[in-house]
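Colleague: predicted model follows, preceded by the sequence.
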Amino acid sequence: MTKMDLKLIVMILLPMCLLVNSEPNGPKVEGLITIPRVTRDSHWPKLRPSVVIALLCRNKAHLLTNFLGYLEEQDYPKDRISVWIHTDHNQDNTADILRDWVHQAQYEYHDVTLIVDDLLAYESLTINKTANLEWDTARYEHMLKLRQAALDSARKAWADYILFVDSDNFLVNNQTLNLLIQQRRPIIAPMLDVKPKSAYSNFWCGMDEKGYYRRTPEYIPTLKRERVGCFEVVMVHSTFLINLRLEASQQLAFYPPPQDYSNALDDLLVFAQSVRNAGLKMFILNSEYFGQMMPTADTFATLDAEAKHFEGFKLQFLVDHKDIPYSRHLEKNWPLEDNLGFDEVYLINLRRRTDRYERMVRCFQELRINFKWVEAVDGKNLTEEYKKSLGIRMMDSWEDPFGKRPITNGEIGCFLSHYQIWEDVVERNLGAVMVIEDDAKFEPGFVQRLTDTLDEMEQLNLAWDLIYLGRKRLSGTENWVQDSSHLVVPNYSYWTVSYLLSYRGAKKLLRQKPLTQILPVDEYLPIMFDNHPETTWKEHFAIRDLVAFSVHPLLIYPTHYVGDDGYFSDTEPPEIWLERHKIRMEQRKERERTEL
C-alpha cells in the first residue's frame, strides 16, 4: 500500500469519525478531534416580544396623570415597548400634558411618538365644554383612520404585538400585558370592570345579522366571572392586543372598511368584519381582575360632567384599592385645600384603623378639602372605671331593636367620639362644622352638590341645627323643605356617617346630658329632633327641639353594608352584626313573599 493510498483512506475515514464523535452518546475515538453538538436556542435568553402601545387621547386632561401612572406600572421591559400617541381637537390641556410626559418618559421606552394635530378639522366635529359628545359618520371615519395609522406604524416598526388602550381604561393589574401575550391568541382583550357595577364591558358574546350587539346566555356569567378563563367572543374593544406575527394578521385593517362591509361606519363593527375576513378569532380573558373602564363618553352631556364623574369614580375606586398611582413623569399639583366654608371639617377615625385613615386622606386630597383628625374613642379600651369617671350610665329601657341586647362598648365609644366634637364646637364657638366618619363614601360631584345646597340654604334663610349628608332612612315618606330642591325633613333614621352641625345644634345636643342615659348616637339624634318611634326612650329627654334636615339625594354613603365583602364593624362584635344581617335577609325575603 502506497503513501498515497493511506492519505486517501485517512481523508475518507476522518469526517466519518468526526460525525460519530459529534453525537453525545456515540463511541469516542481517541486521538481524534470531537465537534461539540450545537446547543438548542431554547437554552439561551430570548428578547421579549416587542409591543407598540397605541393611545388615542382627546379632552382627557382630568385623567391622564392617573392613566399614564398605571401604564408606567406595567411589569414589562420598557425597552421592548414603543408608545404611539395621537391627540387632536382638544378643548383642555391634554396636548400639553402629553408633551410633558413624552419629554420625561421617552428615554425609558424603545420609542415614543406623539402626534399633536389640534389644527386638524372636519366640519361636522363640534366638541366643546357645553356640547354633547356626539359621534357622527365623520368622527367614526376619523377614528378608523387613526387606528389604521397606529397599526401601520406598528407594522413598519416590525413590532410583534400592538396593544390598543383607550385613555379612559385603567390597567390596574400590572401583569396585564404579560398575561395577554402568554395566551398566544391572535386578538385578545383583558375583561375590564365598570364602576358602579354595570352590565357593560369591553366585549360582546353575540352579534345580530346587522353586526350590532346581541345579549347571549354566556355574557353575564362571563362578566360576573362565574365562568373563568379565556373565551372566544365575537367582539372586543377599547383595550385589546393584536398578534402581528401571524401571517393572517397582515390582512387586518381599520381603514378603509372591507369591501363586503355594508353596515354603519363604526370602528368596532368594521374591525370585527376585518377579523372575520382574515379567518381570525377574538378572545376575552377574565381569569384575573385587570382594571376599570369608564362609561362611554356619550354618557356625559359635557366634558365638565365627565370630569366630575371621574372624580366620583376615583372616590369609589379608593373604597376597594389602597391608592391610585400618579405618573412619575408628571408633576402632582394638588389644588389648595379649604374647608368648604365650614369652621372645621372633622374626621372621626380610630388610631388603629390606619387603613381607613389613609383612604380618607386620599379622598380629601381628591376633593381638595382640609380636615381635622379626631381620634375616635376605642370601645376596646373602655373600662368601667373610665366610664364611671365620665358619669356614663346606661338607659335602662334601651335595647337594640334587632339583637335585643344592651349597648356595646363600641357603641359607647362611637357616641363619645361625636360627643367630644360637640364639646369642641361649643368651646371654640364654631358657627358650622362638618362631621365625617372614616367609612364614608362620597358621591360623584360631592363638592358642587354640597355647595349648591349651602347656596340654597342661604337664599332660603334657613335656620338649622343638623343636616344629614349620609344616613339610613328607616320609615315613611319624607316631605321636601318648602321651596327647596335639595333638602327634606327626615323621619327616623340610622347612621351618623356624615352630617353638618351648627353651634346652636351642638349646644342642644349637650344640653340634655346624654351621657347620663346613654344609647347609640344614631338613636339619640332622631330623638332630639323628635321623630323617633320609641316613646319610652324619648321621655328620657325633656327638650327635643333639634331642627334637622337631610340632603336628598344623599351625598355620602358608607363604604360597605352588612353582608358585603369587606364589611367590618368597630361598634358591634361579629356575632351581633352577622345576626343583624340574618334578620334583615329574613325580613327582605318576607317582604318579597308578601309582594308576590
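Modeller: Structure's in. What do you need?

Colleague: does the spatially most central residue of the chain count as helix, strand or coil?
Modeller: The residue lying closest to the centre of the chain (CA atoms, centre = their mean) is Phe317, at 3.4 Å. Judged by DSSP: H, G, I helix; E, B strand; the rest coil, the three-state class of Phe317 is helix.

Colleague: what does Leu501 give?
Modeller: strand.

Colleague: go ahead and confirm it touches Val435.
Modeller: Yes: in terms of CB atoms under 8 Å, Leu501 counts as a neighbour of Val435; the distance is 6.1 Å. For glycine as for every other residue, the C-beta is placed from the backbone atoms N, C-alpha and C.

Colleague: what touches both of the two?
Modeller: Ile421 (CB atoms under 8 Å, 6 or more residues apart in numbering).

Colleague: dump the residue contacts of the residue nearest to the centre of the chain.
Modeller: Lys195, Gln292, Ile324.

Colleague: could you do Lys322 as well?
Modeller: By CB under 8 Å, 6+ apart, Lys322 lies in contact with Asp355, Glu358, Arg359.

Colleague: most neighbours, which of those?
Modeller: Top of the contacts of Lys322 by neighbour number is Arg359, holding 23 neighbours under the definition other CB atoms under 10 Å.

Colleague: under a three-state scheme, what state does it occupy?
Modeller: helix.

Colleague: that one reaches Val319, doesn't it?
Modeller: Yes: taking CB under 8 Å as the definition, Arg359 is a contact partner of Val319 at 7.4 Å.

Colleague: host element of Tyr419?
Modeller: Assigned by DSSP states H and E, Tyr419 belongs to helix 409-427.

Colleague: chain center to that helix, what's the gap?
Modeller: Offset of helix 409-427 from its chain centre (CA atoms, centre = their mean, to the nearest Å): 33 Å.

Colleague: give me the contact list for the helix or strand following it.
Modeller: Using DSSP H and E, the helix or strand that follows helix 409-427 in sequence is strand 432-437. The contact list for strand 432-437 (CB under 8 Å, 6+ apart) reads 339-349, 360, 371, 418, 421, 425, 469, 496-503, 556.

Colleague: just the buried members of those?
Modeller: 340, 342, 344-349, 360, 371, 418, 421, 425, 469, 496-503, 556 (16 or more other CB atoms under 10 Å).

Colleague: next, the contact list for the closest residue to Asn93 other than its chain neighbours, please.
Modeller: Distances taken as CB to CB, 6 or more residues apart in numbering put Ala61 closest to Asn93, at 4.9 Å, once the chain neighbours are dropped. Contacts of Ala61 were listed using CB under 8 Å, 6+ apart, and they are Asn90, Asp92, Asn93, Thr94, Ile97.

Colleague: and the last one, that one's in a helix?
Modeller: What it means is Ile97. Yes: assessed with three-state DSSP, Ile97 lies in a helix.

Colleague: what residues are up against the nearest residue to it once chain neighbours are set aside?
Modeller: Nearest non-adjacent residue to Ile97, counting by CB to CB, 6+ apart: Leu64, 4.9 Å away. If you count contacts by CB under 8 Å, 6+ apart, Leu64 has them with Cys57, Thr94, Ile97, Leu98, Trp101, Ser167, Ser327, Leu330.

Colleague: between those, which sits nearest Leu146?
Modeller: Cys57 (10.6 Å; CB to CB).

Colleague: so where do the helices sit in the stretch 1-150 of the chain?
Modeller: Applying DSSP state H, counting those that start in this stretch to the stretch 1-150 of the chain gives helices spanning 3-22, 64-72, 94-105, 137-156.

Colleague: Val374 contacts Val345, doesn't it?
Modeller: No: with contacts counted by CB under 8 Å, Val374 stays clear of Val345, the gap being 10.3 Å.

Colleague: so how far is the first residue of stretch 331-345 from its last?
Modeller: With CA to CA, to the nearest Å as the measure, the first residue of stretch 331-345 is 28 Å from its last.

Colleague: which outside residues touch it?
Modeller: Contacting residues not belonging to stretch 331-345 are listed as 65, 100, 326, 364-365, 368-372, 424-425, 428, 430-434, 436, 447, 450-451, 454, 500 [CB under 8 Å, 6+ apart].

Colleague: centre of the chain to it, how far?
Modeller: Chain-centre distance of stretch 331-345: 23 Å, with CA atoms, centre = their mean.

Colleague: that stretch - what's its average pLDDT?
Modeller: Stretch 331-345 shows a mean pLDDT of 84.

Colleague: quick revisit: distance check, the residue nearest to Asn93 against Ser167.
Modeller: Computed as CB to CB, to the nearest Å, the Ala61 to Ser167 distance reads 10 Å.

Colleague: re earlier: can you say which of the contacts of Ala61 are buried?
Modeller: By 16+ other CB under 10 Å, those give Asn90, Asp92, Thr94, Ile97 as buried.

Colleague: isn't the third one up against Asp88?
Modeller: In this case it means Thr94. No: counting by CB under 8 Å, Asp88 is not a contact partner of Thr94; they are 9.5 Å apart.

Colleague: shared neighbours of those two, anything?
Modeller: Residues touching both Thr94 and Asp88 (CB under 8 Å, 6+ apart) are Arg58.

Colleague: where does pLDDT dip in the stretch 151-300 of the chain?
Modeller: Along the stretch 151-300 of the chain, the parts satisfying pLDDT under 70 run over 196, 296-300.

Colleague: go with 90
Modeller: Within the stretch 151-300 of the chain, the ranges that satisfy pLDDT under 90 run 194-200, 207-215, 260-268, 294-300.

Colleague: can you show me the strands along it?
Modeller: Ranges of strands within the stretch 151-300 of the chain are 161-166, 169-170, 187-190, 203-204, 230-233, 235-236, 239-243, 282-285, 292-293, based on DSSP state E, counting those that start in this stretch.

Colleague: JSON lines for the ones you listed, including mean neighbour count and distance to Ala548?
Modeller: Shown next, in JSON lines, are the strands of the stretch 151-300 of the chain (neighbours: other CB atoms under 10 Å; distance: least, CB to CB, whole Å):
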{"stretch": "strand 161-166", "mean neighbour count": "24", "distance to Ala548": "45"}
{"stretch": "strand 169-170", "mean neighbour count": "23", "distance to Ala548": "40"}
{"stretch": "strand 187-190", "mean neighbour count": "25", "distance to Ala548": "48"}
{"stretch": "strand 203-204", "mean neighbour count": "22", "distance to Ala548": "48"}
{"stretch": "strand 230-233", "mean neighbour count": "16", "distance to Ala548": "52"}
{"stretch": "strand 235-236", "mean neighbour count": "24", "distance to Ala548": "51"}
{"stretch": "strand 239-243", "mean neighbour count": "24", "distance to Ala548": "47"}
{"stretch": "strand 282-285", "mean neighbour count": "23", "distance to Ala548": "50"}
{"stretch": "strand 292-293", "mean neighbour count": "21", "distance to Ala548": "37"}
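
Colleague: quick one, what contacts the nearest residue to Phe271 once chain neighbours are set aside?
Modeller: Among residues not flanking Phe271 along the chain, Phe254 sits closest, at 5.8 Å (CB to CB, 6+ apart). The contact partners of Phe254, taken as CB under 8 Å, 6+ apart, are Leu144, Lys145, Arg147, Gln148, Leu151, Asp267, Val270, Phe271, Ser274.

Colleague: which ones are touching the first one?
Modeller: Each residue near Leu144 by CB under 8 Å, 6+ apart is listed here: Phe254, Tyr255, Pro257, Leu265, Asp267, Val270.

Colleague: swap in 6 Å and give it another go.
Modeller: Contacts here follow CB atoms under 6 Å, 6 or more residues apart in numbering; on that basis Leu144 touches Phe254, Tyr255, Asp267.

Colleague: next: Gln104.
Modeller: By CB under 6 Å, 6+ apart, the residues touching Gln104 are His329.

Colleague: could you measure from it over to Arg328?
Modeller: Computed with CB to CB, the distance linking Gln104 and Arg328 is 8 Å.

Colleague: same question for Glu247.
Modeller: Here Glu247 is placed at a distance of 39 Å from Arg328 (CB to CB).

Colleague: still on that earlier bit, gap between the residue nearest to Asn93 and Leu71?
Modeller: Using CB to CB, one gets 16 Å for the distance from Ala61 to Leu71.

Colleague: good, we can wrap up now.
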